[in-house]
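*Asks:* coordinates only, sequence not included:
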């Protein structure tokens, strides 16, 4: 790779505004001559990250990280020094005339160039003859040419070689297109387009660079409905948001972010004037997503579909958001509707009103739990048990106490009992669990036995028939989801493409650990049988304990009623 002259580097250094560079990632506030914010390189709740515009530098007094604008990009985005210089040079209008020599080439810039070429193709295709069906589909959903242009929405032609041909014309190797996730390799040689016959949504990073694509099917028999770019040197689902560059300044001004699940949902909010919105890209909210949001605002509004799946997604999101100290609201939608439907049916004002008046998400969780009924001791116990794990994730004791009071009022359970249950979850008291920091994975005996069973089945799929009820023994949803996928008999490499988030993390860990002495199927079968036996015993023990607690509650209630009746009879006799 050619070397960048030192005087050119200095020009870039002199022109770049480090507050602007850092401000794309961190919500900065003026503090005298400097700016302060939460450090993006370590977890903290009190800002210790300082940016000096005079010196063009940053420093964190918490973890010690420091440097200039180049160093910030290198650390945060994983760039090499020349990549950071070139990237900022484009922004500040410095032309780079490079000298011979230098180190090994990087794949980042060619991948970004390939994405840019594909984006230009998709935009041309949408407005051309091939895009008539796509334009009609967008019009049906209320999106005109101006909206499509504003947000870069395009159309991937229904051909096998549209992107292949464009990359050839741009002298970009097909291997780069494959690395970008634009192309797939044929078994007999050559490549073909990944997105075909789909509406395309460009996914951009905070600097507006196209890092990936989401593709929406418009044909009757197209599956899946949404197809997203795979992981690449520049695209990572666990931290990417659709619409991020458009939302950065509005998030800062409004001091809140609205999170939706789909591309069309995000566009619906933008059309309604809600600019502080982002959408996840084919995955649930992750800890990386949450940390990125926490550095910009403490206020999050979840706007998920109004069906049961949308409500479950809201509850899963709380498990990630609450430990970060975020104040989360949940905007309700009519059953069966998404934000795009509501905009079409009731208009922008109705959509904005639901967002502005969204109640705390924990209140929504409480209402959902008590909707199952609280007329018996068992129902009250079930309702409390459904919400207590979320209460345990709230780090602020005052907030937690208030939501505890509300849960107690809604269920009729004494506040002290809810507090005790919450403390047990936080400390692991009486559960065999270890004490955890927020966001860490809870692991007890059931988790260890269950993971051993999964590990055996990954390596010996022929034993699947012996573990038909394994999913029912899952100690948490992530392991249950992974067990269902493993039950299909697919290989590890296929499963890694199917699962996301925590199940994927567990899967990759199990795959890396191996079976050790259990490589032989006979020993593995005995280990599986032993693990299943222990899981069944632990499940039965847990169910007995739950039943005993409910019976005890019922007996206490019966005793209270009998005492009340006896007192009433005594008073009547006295009269």
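*Replies:* Okay, I see it. As the structure is a prediction and not an experimental result, all values here were calculated from the model.
*Asks:* alpha carbons only for contacts and neighbour counts from here, please
*Replies:* Noted.
*Asks:* for the closest residue to residue 466 other than its chain neighbours, grab the count of nearby residues.
*Replies:* Take residue 466 and drop its neighbours on the chain: the residue closest to it by Cα to Cα, 6 or more residues apart in numbering is residue 529, 7.9 Å away. By other Cα atoms under 10 Å, the residues close to residue 529 number 16.
*Asks:* do the same with the one 5 residues further on
*Replies:* Burial of residue 534, expressed as a neighbour count using other Cα under 10 Å, amounts to 16.
*Asks:* for the protein, give me the ranges with low pLDDT.
*Replies:* Applying pLDDT under 70 to the chain flags the ranges 1-2, 98-106, 428-444, 491-499, 511-519, 546, 549-550, 552-575.
*Asks:* would you map out the domains in it?
*Replies:* Following automatic domain parsing, one gets these domains for the chain: 6-92, 108-228, 241-359, 366-427, 450-575.
*Asks:* ok, and the closest non-adjacent residue to residue 110?
*Replies:* Going by Cα to Cα, 6+ apart, residue 110 has residue 176 as its nearest residue, at 6.7 Å.
*Asks:* quick one: the strands in the stretch 451-575 of the chain?
*Replies:* Shown for the stretch 451-575 of the chain, no strands are assigned by DSSP state E, counting those that start in this stretch.
*Asks:* so where do the helices sit in it?
*Replies:* 477-486, 492-498, 501-513, 521-574 (DSSP state H, counting those that start in this stretch).
*Asks:* which ones are touching the nearest residue to residue 484 once chain neighbours are set aside?
*Replies:* Counting by Cα to Cα, 6+ apart, residue 484 lies nearest to residue 471, which is 6.5 Å off, once chain neighbours are set aside. By Cα atoms under 8 Å, 6 or more residues apart in numbering, the residues touching residue 471 are 480-481, 483-484.
*Asks:* PyMOL command to pick out the buried ones of those?
*Replies:* What follows is the PyMOL syntax for the buried subset of the contacts of residue 471, where burial is set by 16 or more other Cα atoms under 10 Å:
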select buried, resi 480+483
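*Asks:* redo the contacts of residue 471 as a markdown table? Include distance to residue 136.
*Replies:* Formatted as a markdown table, the contacts of residue 471 follow (distance: Cα to Cα, whole Å):
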| residue | distance to residue 136 |
| --- | --- |
| 480 | 41 |
| 481 | 38 |
| 483 | 42 |
| 484 | 39 |
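*Asks:* residues in contact with stretch 347-356?
*Replies:* Applying Cα under 8 Å, 6+ apart, the set of residues contacting stretch 347-356 is 269, 271-274, 301, 303, 331-333, 339, 342-343.
*Asks:* which of these fall within strands?
*Replies:* residue 301 (DSSP state E).
*Asks:* dump the contacts of stretch 347-356 to a markdown table, plus distance to residue 167.
*Replies:* Converted to a markdown table, these look like this (distance: Cα to Cα, whole Å):
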| residue | distance to residue 167 |
| --- | --- |
| 269 | 34 |
| 271 | 33 |
| 272 | 37 |
| 273 | 37 |
| 274 | 36 |
| 301 | 40 |
| 303 | 38 |
| 331 | 43 |
| 332 | 45 |
| 333 | 43 |
| 339 | 36 |
| 342 | 40 |
| 343 | 38 |
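*Asks:* ok so, going back, what strand or helix carries the residue nearest to residue 110?
*Replies:* Using DSSP states H and E, residue 176 sits in helix 174-179.
*Asks:* strand partners (parallel or antiparallel) of the very next helix or strand once past that helix?
*Replies:* Counting by DSSP H and E, the next helix or strand C-terminal to helix 174-179 is strand 183-185. Partners of strand 183-185 in the sheet, by DSSP bridges, are strand 191-193 (antiparallel).
*Asks:* buried sites along the partner strand?
*Replies:* Buried residues in strand 191-193 (16+ other Cα under 10 Å): 191-193.
*Asks:* cool, stretch 366-384 as well?
*Replies:* 366-367, 369-370, 374, 377-384.
*Asks:* likewise for stretch 210-221?
*Replies:* Quick answer for stretch 210-221 (16+ other Cα under 10 Å): 210-218.
*Asks:* swap in stretch 228-246?
*Replies:* 228-235, 237-246.
*Asks:* so which of the residues you listed are in strands?
*Replies:* Reading strands off the buried residues of stretch 228-246 with DSSP E, I get 228, 241-242.
*Asks:* so which of these comes closest to residue 84?
*Replies:* The nearest member of these to residue 84, counting by Cα to Cα, is residue 241 at 21.6 Å.
*Asks:* residues in contact with that closest one?
*Replies:* 203-205, 278-281, 289.
*Asks:* quick one: these as TSV, columns for neighbour count too.
*Replies:* Output for those, formatted as TSV (neighbours: other Cα atoms under 10 Å):
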residue	neighbour count
203	25
204	21
205	21
278	29
279	23
280	23
281	25
289	18
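*Asks:* let's see which of those end up in strands.
*Replies:* In strands, defined here by DSSP E, the members of the contacts of residue 241 are 203-204, 278-280.
*Asks:* distance to residue 361 added to those, as a markdown table?
*Replies:* Output for the ones in strands among the contacts of residue 241, formatted as a markdown table (distance: Cα to Cα, whole Å):
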| residue | distance to residue 361 |
| --- | --- |
| 203 | 28 |
| 204 | 29 |
| 278 | 18 |
| 279 | 18 |
| 280 | 19 |
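*Asks:* from the buried residues of strand 191-193, pick the one nearest residue 182.
*Replies:* The nearest one, if we look at the buried residues of strand 191-193 relative to residue 182 and count by Cα to Cα, is residue 193, at 6.2 Å.
*Asks:* confirm for me that the closest one is in contact with residue 164.
*Replies:* Yes. Look at residue 193 against residue 164 with Cα atoms under 8 Å: they come within range, at 6.5 Å.
*Asks:* could you name every residue contacting both of the two?
*Replies:* By Cα under 8 Å, 6+ apart, the residues touching both residue 193 and residue 164 are residue 183.
*Asks:* quick one, helices of the stretch 251-400 of the chain?
*Replies:* Going by DSSP H, counting those that start in this stretch, the stretch 251-400 of the chain shows helices at 263-271, 287-294, 308-321, 339-346, 348-356, 361-370, 377-391, 397-411.
*Asks:* quick check: which of those is nearest to residue 142?
*Replies:* Per Cα to Cα, nearest to residue 142 of the helices of the stretch 251-400 of the chain: helix 339-346, 7.6 Å.
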